[in-house]
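A.B. asks: Sequence isn't available, so here's the structure alone:
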């Protein structure tokens, strides 16, 4: 059992937060519970800090399942003082780091799973891009790519610190990462994979599935719902920006993901989360018609009585200690 420093102080802070909670519900969005050195999108919360977050929620006594909050809305009621924990994607650390802590504090969570990467045994493409560009190595000084019929060229400042900006003529590795991300996210999964292969060859980097960045396997996710602390939700097959693909492609991504999860778990999957928080009017209707009863966005707001159950807002949680987390929860509710 993890010992939490300053637990008495967190208890006092939680009491102060409880007194400030306004009517409404709160959905928290996590991705990963782990310690890694390179985290360009700040998706990781350390296990020790996550334990402090859970202790704050335990003291507040307001953590519920996503479907419980959804049922409250369905009944036309306000989700008063309801807080929901969600995880996007399905990284393996959700099972090995987050789940034991959730069980320790008896706080439920919903994990939205992306099934395609679990079957491919590949890292998410943005993690592969990070490994190619932001891990210690000597990169070539010039990069040329043809993306969607357009030629792009970059000159790389190989002496720049990864987090530093270079001058107008040269790109630091971090600037190159940002530029390529903006170009790659618009592509189809197959087009993006082809360009990742080109980048691996350019950087002389071999394909690798890092233990620190891997997804849960299909075998591992089947154990998620043991002890019933975890609720499983859907998150598409390949994690696309849904608004950039056709309604037919969206429907395939959403329905196939749902069917695969239902086959694994043997029951209906009712919760969905839009990858990257990206969707359009077609998407929410496809999700509804697929048989889901609610869907989560990445829009930061409180859940109110009249919130659209297929556009539920969530607050992204950053890597912070329990005291800072309690302050943010208090401020979110105050809004």
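C.D. replies: Nice, I can see it. Source: prediction; values computed, not measured. Numbers count the residues shown, from 1 in each chain.
A.B. asks: Starting from residue 133, give me the distance back to residue 170.
C.D. replies: Distance, residue 170 to residue 133, using Cβ to Cβ, to the nearest Å: 14 Å. Bear in mind the C-beta positions are built from the backbone N, C-alpha and C, glycine included.
A.B. asks: Which one of the two is surrounded by more residues?
C.D. replies: When neighbours are counted by other Cβ atoms under 10 Å, residue 133 comes out ahead of the other of residue 170 and residue 133, with 27 against 17.
A.B. asks: Surely the more buried one is within a strand?
C.D. replies: No: the assignment for residue 133 (DSSP: H, G, I helix; E, B strand; the rest coil) gives helix, which keeps it out of a strand.
A.B. asks: per-residue confidence at it?
C.D. replies: With respect to pLDDT, residue 133 has a value of 96.
A.B. asks: hmm, who's touching the lengthiest strand in the chain?
C.D. replies: Determined from DSSP state E, the single longest strand within the chain is strand 82-89. Strand 82-89 is contacted by residues 25-32, 57, 60, 62-66, 68-69, 72, 94, 98, 102, 107-114, 124, 215, 233, 235, 239, 273, 275, 296, 303, 314, 329 when judged by Cβ atoms under 8 Å, 6 or more residues apart in numbering.
A.B. asks: Mind giving me the packing neighbours of the very next helix or strand once past it?
C.D. replies: Following strand 82-89 in sequence order, the next helix or strand is helix 92-93 (DSSP states H and E). Contacts defined by 3 or more Cβ pairs under 8 Å, 6 or more residues apart in numbering; DSSP states H and E place helix 92-93 against no helix or strand at all.
A.B. asks: Now do helix 92-93, average pLDDT.
C.D. replies: 98.
A.B. asks: quick one: contacts of it?
C.D. replies: Residues outside helix 92-93 that contact it (Cβ under 8 Å, 6+ apart) are 32-34, 211, 214-216, 220.
A.B. asks: one more time with 7 Å, if that's ok
C.D. replies: Helix 92-93 has contacts (Cβ atoms under 7 Å, 6 or more residues apart in numbering) with 32-34, 214-216, 220.
A.B. asks: cool, stretch 95-109 as well?
C.D. replies: With Cβ under 7 Å, 6+ apart as the contact definition, stretch 95-109 has outside contacts at 1-2, 33-34, 47, 50-51, 54-55, 57-58, 63, 65, 85-87, 216, 220, 224, 227, 229-231.
A.B. asks: sorry, back to before: closest one to residue 138 out of the contacts of helix 92-93, please.
C.D. replies: Here the nearest of the contacts of helix 92-93 to residue 138, counting by Cβ to Cβ, is residue 214; it sits at 26.0 Å.
A.B. asks: neighbours of the closest one, just the number please.
C.D. replies: Around residue 214 there are 19 other residues, counting by other Cβ under 10 Å.
A.B. asks: excluding its backbone neighbours, what's nearest it?
C.D. replies: The shortest distance from residue 214 to any non-neighbouring residue, by Cβ to Cβ, 6 or more residues apart in numbering, is to residue 92 (5.1 Å).
A.B. asks: do the same with residue 58
C.D. replies: residue 105 (4.8 Å).
A.B. asks: separation between the one you found and residue 126?
C.D. replies: Going from residue 105 to residue 126 by Cβ to Cβ gives 30 Å.
A.B. asks: same deal with residue 307?
C.D. replies: 29 Å.
A.B. asks: out of those two, which sits in the busier spot?
C.D. replies: Between residue 307 and residue 126, residue 307 has the larger neighbour count (other Cβ under 10 Å), namely 20 against 17.
A.B. asks: Number of residues surrounding the residue nearest to residue 214?
C.D. replies: Neighbours of residue 92 under the rule other Cβ under 10 Å: 19.
A.B. asks: and the residue lying closest to residue 142 once chain neighbours are set aside, what element?
C.D. replies: Distances taken as Cβ to Cβ, 6+ apart put residue 155 closest to residue 142, at 5.9 Å, once the chain neighbours are dropped. Element membership for residue 155, per DSSP H and E: strand 150-155.
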